[in-house]
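Trainee: return atomic coordinates for the entry below.
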Amino acid sequence: MSSKQFFQDLAVAKAALFDNISNIRRGEMDDGIAFTFFHQDLKDPIEVEVVIRDITSYLKGPGFMAFTSTESSGAANIARFLDKLSQRIPGDSTVSDVLEFISDRLSTRLSAAVDGTLWDPAVLSSDESDDEKKLEFADDSFSDSEISVEAGSSASYPAVMTLLMERSDIAALKKALMKAQSAGISVGLLPAERGRAPKVTSLSVRVSQLGLPADALEAWDLKPNEYLVLLVSFTAGYPSLKRYLELSMDQDDVRFRFGKCAAAKPSLLTARLAFSEDEVLGDDESAGANQGICDAAFLPNHVSRSIDRQLNRCLHKLLALRRSQRVSWTSAQNALSTLERNPHFGISSISGADEEPMLGSHAPLALHHDYALDDEEQMSIPLVAMQLALRQLAHCTEYCMACHAKLEDGPGSLKPYVCASPLCLYQYLSLGFGPSLEHEIINSPYVIDLLVSFFYSATKSGLLREFPSGLALKLPVIDEESKKNMVAHARLSTSTLRIQPGVANISHSLERGDWVVLVAPIANVCLQTPFQGLLRMMPSHKYFFKDHDTDSLQAIEWYVCRITDVQHQTCVFEVLSGPYLALHYGSGISEHLARSSPLPEDSWCRALVCPFNHDPEGLCERQRNLSLNLLMCGIPSVLEMRAYLLTRPGRQLSSWDRMDRSAIALMDWILASNRSHIIQDQPISPRDAPAETHRFNKKDDGTRYGDKPIRGYLQFRFAQGAPDKEHRFTQQFEKHTVNSDGVRQMFPTLFAWHGSPLGNWHSIIRTGLDFADRLHGRAFGNGVYLSPEMGVSNAYSVSRQGLEANGPRLPRCWSNSQLVVTEAISLCEVVNRPDMFVSMRPHYVVDRVEWIQCRYLYVKVNPTAMAHDDPFPGRQPKDSEGYIAQDPSVHLKGMTAKPFEVPLAAVPARRRAGMRRLTERGTLEQTRAALEERHDDGTDGGDDLDLLTCFDEEAKVELKGHKRLLSSPRSQSADEAASAVQETTGKKGTEMGEGAEVSRVTEFHPGTLDHGSLPKLPAPSWAMSSPAALHALTREIKDLHKIQTTITSRELGWYVDVEKVDNLFHWIVELHSFDTELPLAKDMRRLGHTSVVLEVRFGASFPVSPPFVRVVRPRFLPFARGGGGHVTAGGAICSELLTNSGWSAALTMEKVLLEVRLALCELDPPARLDAVYRDGDYSIGEAAAAYRRAATAHGWQIPPDLKDIAAASWE
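Mentor: Numbering: from 1, shown residues only. Have a look, this model is predicted:
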């Protein structure tokens, strides 16, 4: 009934009148409304569509989603406002109510932006509630920086930004960022200037720290040494948790952008651009952005759009649900989605907490803690946002990219996708929630070239199985009878069109940026000109003839053009592609032009102008395919698009006036509809490449397997086929691993070639090989035909002339292709059950399509000069992993009939482990690389947050546990106390002469300690399974070594012999150079000690858990006998700082050593040496026991891994 009511209301709305709205109609989706919105302050009308989230709940609060499909400088800002406005449309609205609501709010906003009253509450409509008014007034999401009516008039940040960011809540921001730093996240302030509030804050983690699989990194175009970066902009100051949780769905107080960067901290310029997509750069800024590409540019990653939308719209709502109901992120997201569809859904019906991993097991331990459930005073909004963003990226293939619901159990995919909801699929394919076209063009331009070429060939040959519907494409129709086409006079030499008054169809005006097809007869060509003579007369044309074209009576030129300027009846155009020669349709068009327009003067000719304004849904298949081909002829080459995108980080193709909206939508669909993950596996061969084909009978020497390509072919690899197809293949592969005799096969699969005309490959890479169409006969039975010989299959890859659609002779290959693809042949993996094949000789005929999976694609190419100059953009060749052992009874052969080895990379990563055949050299190199990666911590501490201190001078924020624990006259922090000691020592030294300073501290000679007399432990069992600890300890050792090389040991007061550290989890440290006036120093001199020797042990969870620090020698007087210095009777250091209660992951080992040394210098009571047991060392057992007693007595939390750390032996 709700659906019927909706259509009735839509019919009523069509007959009604609404301010600033026209052309009300049914939307592209069945449950949607579409209309045209116009306004006096808009240069051009915009197309708006409103989709009902659940048509069955119409008038019962289903929720609405409003958006625009118009691409222009102003429309991008309108789109953001419509997105926010969607959440405010009353749930019980009729179609007319929705139209009135949007018209009223949008008109009000546009008028306010123009007259400068945007921030005046008086401009808000009187029917809004008080809460709505407050929200509108506080919301600067549609301020001058975002609703500029004129292109380029927007500012980067609203003027109110500075005032808002100077509030006293900057102290809370500093505390939140310190919490993020303590979790091992690098924090950046942009700009990092003392006394100036940051416009943007960055949080980053190196990719290698997440422990993501290598095949996932390759699929997602992430490099281990890159950083995942979250940018945060607080446009209304740092909010309290209560205020943040109460923000509306369309809030703009806290804005997020998630991406990647080559550095831990992106440049201010590229960060600013990330929040100002429509900003126009000056020349200096553009140059800076170009430099940023190589240095510290912030760039989107493969899931940026999806995560940005989730963080900006949903984070505060998800956080509120999680904290109130104590549920996981997944449960909270499901509940929020249900609430959006049904506002009456009861919160109490949310299921209880469910266990799910925050990140993968290899991620830093500090990020495994669920910060979303911290106490309110400890809550860090940026840290929670970063943790959720990293979680969504790490598990992106498990969740819907549109609604973020967990996908049903299925095959493990390398590329993220959407759930079964039609709305999510629509958003994925049409609204940019799928793979980023710009990202793929930058990183894999020739893969995009290949996909577009395949689609072009499919439409050109009439083999397209699935038309891209629902994209609102606008295409040309080359038909002299079409009322949308215009007759004009053209002067091709000056690229000028002239539409004279009185000619037909003058009412259809052209605008700047429009694409058109220009059809004009060729001058000075006789009707009966011989065919060969015609070729000689027009050598510059691109010819695509059939034999019967020679009998045509008239030659016509076709151009795909873009209108660059319009002045009254005259238009200037730019030729995007062409000319293309057509003989078949010449007569009809020429006669129509002669009837419709007077004879032009010299240098002008009659022309038919065909705008891109037809709906393809109403065209016949032949005309639709032709129109799609014409659209694609106007698309620039991938290298041109890549060059444009690289001129400014984060740039979108929609901002380029060279691109048409329909062209972008079509390319988005081509990319998003392909669920296979295809990788260019080798660079384009040099022009003078030798004739050798492949690596036949050659021992693997560890070189790149792309360095000996098949001549004339470019190799692409299916890192993964379409997930559903891959899943079915895996099931069959596992099922038939055991043959009919119950014996497990040594070679469960074999490899074979398959050739097919170019027009078939668009469908093959999406749905796999099948035998639905008969193209070459089936002499050996029904099934997919494959061959062990490449030359045999190659004969079937040649496109047949008869398959082409009847029409003008457009290029057989995409005209702007850099590869110029002419043929394609696939190397396929097949389940090795020849006894169940339809035929084995002379070809394999397999009727079970789920037994076949394409693994490599060899594409015959004729690259352009630009492609030869840039043979492998965006990627680096990978080292060879070896080759697959093949069934000796099956002989796979290459083009020259020589044995062909299949690289190990042909099969998915999860199957390679059991098939790996690495050389000794390869194993050594990979092991060394892995060890180097483990010891590279990948962290950058980021900016000094003390730069924010000027804003909170009265808020003395200290890290938990980083304060003095016992009452003492000397209660300074470690750094302050150390500075005071140095100043005192320096003054006394100056007064008493150079030699006096030496006499004021105990003597110490670095490197004289006998390490052979000290405990020596092997690497613990957890060493290689604790990458986070290894990274942290490597960083600590590097830092300590650097400090020791720049500051004298006497000034430091501690010493670590780095050369003797052969186990990162076990250190020996010496504390020395004590003031001679201290009782401890006097005891040391009397008993012959020059240092206090410490042993420091680290567990698997460091830096989340503290190290265990104890004294080895000398023995100290225990507390019971008047001792002090925080040394227990067993030698352990008694300090809350070294327990879970007081430890912070942000503490460095330098500060820990300073803290321990200052504790030894305490005078109430003073540390004293034990003269009775002067010769004995403390044992690890008595130290651990004493540590437990002290922690229990004080109520401090003991680290759970203390037992393992304090074990007598780690072996």
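Trainee: pLDDT on stretch 1139-1159, on average?
Mentor: For stretch 1139-1159, mean pLDDT rounds to 89.
Trainee: could you pull out the strands in the stretch 1101-1211 of the chain for me?
Mentor: 1108-1113 (DSSP state E, counting those that start in this stretch).
Trainee: can you list the weak-confidence ranges in it?
Mentor: Applying pLDDT under 70 to the stretch 1101-1211 of the chain flags the ranges 1208-1211.
Trainee: one more: the stretch 751-900 of the chain?
Mentor: Along the stretch 751-900 of the chain, segments meeting pLDDT under 70 span 774-778, 800-809, 875-880.
Trainee: which stretches in the stretch 301-450 of the chain count as helices?
Mentor: 304-325, 329-341, 381-394, 422-430, 437-443, 445-460 (DSSP state H, counting those that start in this stretch).
Trainee: Leu1160: which of these is closest?
Mentor: Each of the helices of the stretch 301-450 of the chain has some distance to Leu1160 by C-beta to C-beta; the shortest is helix 381-394, at 35.2 Å. No exception for glycine: its C-beta is placed from N, CA and C like everyone else's.
Trainee: the closest one vs helix 304-325, what angle?
Mentor: 120 degrees (axes from the mean of the first three to the mean of the last three C-alpha atoms, to 10 degrees).
Trainee: report all helices and strands that helix 381-394 contacts.
Mentor: With contacts taken as 3 or more C-beta pairs under 8 Å, 6 or more residues apart in numbering; DSSP states H and E, helix 381-394 sits against helix 170-182, strand 200-206, strand 227-234, strand 254-261, helix 304-325.
Trainee: okay if I get these as TSV plus mean pLDDT and distance to Trp761?
Mentor: TSV is the format used below for the helices and strands packed on helix 381-394 (pLDDT from 0 to 100; distance: least, C-beta to C-beta, whole Å):
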stretch	mean pLDDT	distance to Trp761
helix 170-182	85	48
strand 200-206	93	38
strand 227-234	94	35
strand 254-261	93	31
helix 304-325	90	28
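Trainee: nearest to Leu786, out of the helices of the stretch 301-450 of the chain?
Mentor: helix 445-460 (20.0 Å).
Trainee: mind exporting the C-alpha coordinates of that closest one to CSV?
Mentor: In CSV, the C-alpha atoms belonging to helix 445-460 read as follows (Å, rounded to 0.1, in the frame of the first residue of the first chain):
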residue,chain,number,x,y,z
PRO,A,445,46.7,3.9,-15.4
TYR,A,446,47.2,1.1,-17.9
VAL,A,447,44.8,-1.1,-16.0
ILE,A,448,42.1,1.6,-16.5
ASP,A,449,43.2,1.9,-20.2
LEU,A,450,42.7,-1.9,-20.5
LEU,A,451,39.2,-1.9,-18.9
VAL,A,452,38.0,1.1,-21.0
SER,A,453,39.4,-0.6,-24.1
PHE,A,454,37.6,-3.8,-23.3
PHE,A,455,34.3,-1.9,-22.8
TYR,A,456,34.8,0.0,-26.0
SER,A,457,35.4,-3.2,-28.0
ALA,A,458,32.3,-4.8,-26.5
THR,A,459,30.1,-2.0,-27.6
LYS,A,460,31.8,-1.6,-30.9
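Trainee: pLDDT (mean, whole number) over that helix?
Mentor: 94.
Trainee: can you check stretch 1001-1017 too?
Mentor: Averaged across stretch 1001-1017, pLDDT comes to 86.
Trainee: now the helices and strands packed on helix 381-394 in JSON lines, with mean neighbour count and distance to Thr1008?
Mentor: Output for those, formatted as JSON lines (neighbours: other C-beta atoms under 10 Å; distance: least, C-beta to C-beta, whole Å):
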{"stretch": "helix 170-182", "mean neighbour count": "22", "distance to Thr1008": "37"}
{"stretch": "strand 200-206", "mean neighbour count": "26", "distance to Thr1008": "39"}
{"stretch": "strand 227-234", "mean neighbour count": "25", "distance to Thr1008": "43"}
{"stretch": "strand 254-261", "mean neighbour count": "24", "distance to Thr1008": "46"}
{"stretch": "helix 304-325", "mean neighbour count": "21", "distance to Thr1008": "56"}
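Trainee: with distance to Val798 added, can I get these in CSV?
Mentor: Formatted as CSV, the helices and strands packed on helix 381-394 follow (distance: least, C-beta to C-beta, whole Å):
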stretch, distance to Val798
helix 170-182, 60
strand 200-206, 49
strand 227-234, 46
strand 254-261, 42
helix 304-325, 41
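Trainee: present the helices of the stretch 301-450 of the chain as a markdown table; the columns should include distance to Thr68.
Mentor: What follows is these, written out as a markdown table (distance: least, C-beta to C-beta, whole Å):
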| stretch | distance to Thr68 |
| --- | --- |
| helix 304-325 | 16 |
| helix 329-341 | 21 |
| helix 381-394 | 27 |
| helix 422-430 | 12 |
| helix 437-443 | 19 |
| helix 445-460 | 26 |
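Trainee: and these: which comes nearest Arg1085?
Mentor: Among the helices of the stretch 301-450 of the chain, helix 381-394 sits nearest to Arg1085 (C-beta to C-beta), with 49.1 Å.
Trainee: ok, now which ones touch the residue nearest to Arg1168 when sequence neighbours are not counted?
Mentor: Distance criterion C-beta to C-beta, 6 or more residues apart in numbering; nearest residue to Arg1168, sequence neighbours excluded, is Leu1117 at 4.3 Å. Leu1117 is in contact with 1123, 1167-1170, counting by C-beta atoms under 8 Å, 6 or more residues apart in numbering.
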